[in-house]
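Chemist: Pasted the sequence and its predicted model underneath.
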Amino acid sequence: MDTSASTPPSRILVASTKKLSTRAAHAALDDFLDDFQQRSSPLKGGDHTVTVQLQKLNRALQEERERKKAKKAGKH
């Protein structure tokens, strides 16, 4: 079994940065997650751990967006 696909790189260097709103990050992550789940389902031998972590991140971004909206609505 080739373990290189499941072993993360030892170092990831940032090549560039781009500011994203919570909404844009949530949308991009949601699209990626849908695609990722299709490509790496447990039936195809994929690791479900990564999918679960991405889902948690996606939910956290959604909750953050909702908190910001509620806070903004409370100021008006």
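Modeler: Perfect, thanks for sending it.
Chemist: so where is the protein shaky, pLDDT-wise?
Modeler: Scanning the chain with the threshold set as pLDDT under 70 gives 1-5, 9, 41-47, 76.
Chemist: So which residues of it form helices?
Modeler: 22-39, 48-75 (DSSP state H).
Chemist: Among those, which comes closest to residue 6?
Modeler: Residue 6 lies closest, by CB to CB, to one member of the helices of the chain: helix 48-75, at 9.0 Å. Placement of C-beta: from N, CA and C, glycine included.
Chemist: most packed of the helices of the chain?
Modeler: With neighbours defined as mean count of other CB atoms under 10 Å, those peak in mean count at helix 22-39, which reaches a mean of 14.
Chemist: Which elements pack onto it?
Modeler: The helices and strands touching helix 22-39, judged by 3 or more CB pairs under 8 Å, 6 or more residues apart in numbering; DSSP states H and E, are helix 48-75.
Chemist: If I take the helix it packs on and helix 22-39, what angle do their directions form?
Modeler: Per axes from the mean of the first three to the mean of the last three CA atoms, to 10 degrees, the angle that helix 48-75 makes with helix 22-39 is 160 degrees.
Chemist: How far does helix 48-75 sit from its chain's centre?
Modeler: Centroid displacement of helix 48-75 relative to its chain, using CA atoms, centre = their mean, to the nearest Å, is 10 Å.
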